[in-house]
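> Return atomic coordinates for the entry below.
(chains A and B)
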Protein chains: 2
Amino acid sequence: MLKDLILKNRSYRRFYQDKSISEEILSELVDLARLSPSARNAQPLKYVLSNTHEKNSIIFKHLSWAGYLTEWHGPEEGERPSAYIIMVNDTAISSNFFSDNGIASQSILLGAVEKGYGGCIIGSVERLQLQRELEIPAHLKIVQVIALGVPKEEVVIEEFNKDHKYWRDMKEVHHVPKRSLQDIIVKL
Amino acid sequence: MLKDLILKNRSYRRFYQDKSISEEILSELVDLARLSPSARNAQPLKYVLSNTHEKNSIIFKHLSWAGYLTEWHGPEEGERPSAYIIMVNDTAISSNFFSDNGIASQSILLGAVEKGYGGCIIGSVERLQLQRELEIPAHLKIVQVIALGVPKEEVVIEEFNKDHKYWRDMKEVHHVPKRSLQDIIVKL
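This is a model prediction of the structure:
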């Protein structure tokens, strides 16, 4: 059932770093994005894959993690993502990708969960520096990064109670408040 | 397998209009969106449901269909969507919903396909007029509309060959060229 996948697909930020993800698997995930809807069918998003220690280290340097956990500066060595998919906008096709990035990310993450992995969409990226360091051609603009790996943390959905900020408890369990269905369905 | 759902999830624009979708089913689809990732966990998207002839007719009037099919002005009476989910941005929470709309749409559409329905994300919406006519409160801004129903058309994926425009053939089959996996994975 899709709902099981969606429930399992939490935003994971700590991983078994030594459990690698093959390039073939990463390509299969991109294929799911490829087959997903694209506004005006323009398909202006492309993907840079990374699953080597060297490239992963470069990418990791340019990411910020979990804004609300102000005392946590991201996963320690050993708990870092074992792979990344960098989503780029091919501006030679179109600079307007509408919500294609969200659609594609959800396909990729659900696919990852189905294969026993998990991940997190990271929007807080030093785009220009990362672009330069990886020598990504200038017409391909970095949109966001999806971090991937075998999750090494528990993430629990909580009832929403005034504040949308997630938190981590003493046992390092990550809690995420979600608005109720009644709260998000508008009765006219 | 998720890939089967993703392959079945084509953008459908003609439906068996008499095959209705219950409010319960629509709520279940919104629940999938609710449980999907939201940037900064802000969750500023809400949902207006429609499955009555009256409300559907109002919504239909304010939509444009399939931009590349210049001689087709949308589905005829009898082939129109039997339901809609209008995605709105609760600006009292946050006016920045990042790519939450794409993420939520993909969850909703994949859920619809799993239940035997199909749909289409429509971005070409007369937002202000629709907002006024449905009396949607001013702080809820229409983002996009998802049309839903039991599909009454065949949609086929084609190899990409220069042009990204979809087309409809003599037998009314809808053809959608998708870029190849080699074309969208960037080799650095």
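> Tell me how many other residues surround the residue in chain A that chain B sits nearest to.
Distance from chain B to each residue of chain A (CB to the nearest CB) is smallest for residue A:102, at 2.2 Å. The way it works is simple: take the backbone N, C-alpha and C, and place the C-beta from them, glycine included. Neighbour count for residue A:102, taken as other CB atoms under 10 Å in any protein chain shown: 26.
> Wait, a strand at it?
No: Residue A:102 is assigned helix when assessed by DSSP: H, G, I helix; E, B strand; the rest coil, not a strand.
> buried stuff in stretch A:127-134?
Within stretch A:127-134, the residues that count as buried by 16 or more other CB atoms under 10 Å in any protein chain shown are A:127, A:130-131, A:134.
> Could you report the pLDDT at residue A:120?
Here, the pLDDT recorded for residue A:120 equals 98.
> returning to what we had before: can you pull the contacts of the residue of chain A closest to chain B?
For residue A:102, the contacting residues are B:98-106, by CB atoms under 8 Å, 6 or more residues apart in numbering or on different chains.
> Give me the pLDDT value at the closest residue to it other than its chain neighbours.
Excluding the flanking residues, the one nearest residue A:102 by CB to CB, 6 or more residues apart in numbering or on different chains is residue B:102, at 2.2 Å. The score at residue B:102 is 98. That number is its pLDDT.
> With residue A:162 instead?
If you check residue A:162, the pLDDT there is 89.
> one step back: out of the buried residues of stretch A:127-134, who's nearest residue B:16?
residue A:127 (45.8 Å; CB to CB).
> what's the single longest strand in chain A?
strand A:140-149 (DSSP state E).
> show me the contacts for the residue nearest the centre of chain A.
In chain A, the residue lying closest to the centroid (CA atoms, centre = their mean) is residue A:121, at 2.2 Å. Each residue near residue A:121 by CB under 8 Å, 6+ apart is listed here: A:11, A:105, A:109, A:144-146, B:37, B:39, B:99.
> if you set the cut-off to 10 Å instead, what comes out?
Shown in contact with residue A:121 (CB atoms under 10 Å, 6 or more residues apart in numbering or on different chains): A:11, A:87, A:101-102, A:105-106, A:108-109, A:144-147, B:37-39, B:98-99, B:103.
> Skip the chain neighbours and tell me the closest residue to it.
That would be residue A:105: by CB to CB, 6+ apart, it lies 5.1 Å from residue A:121.
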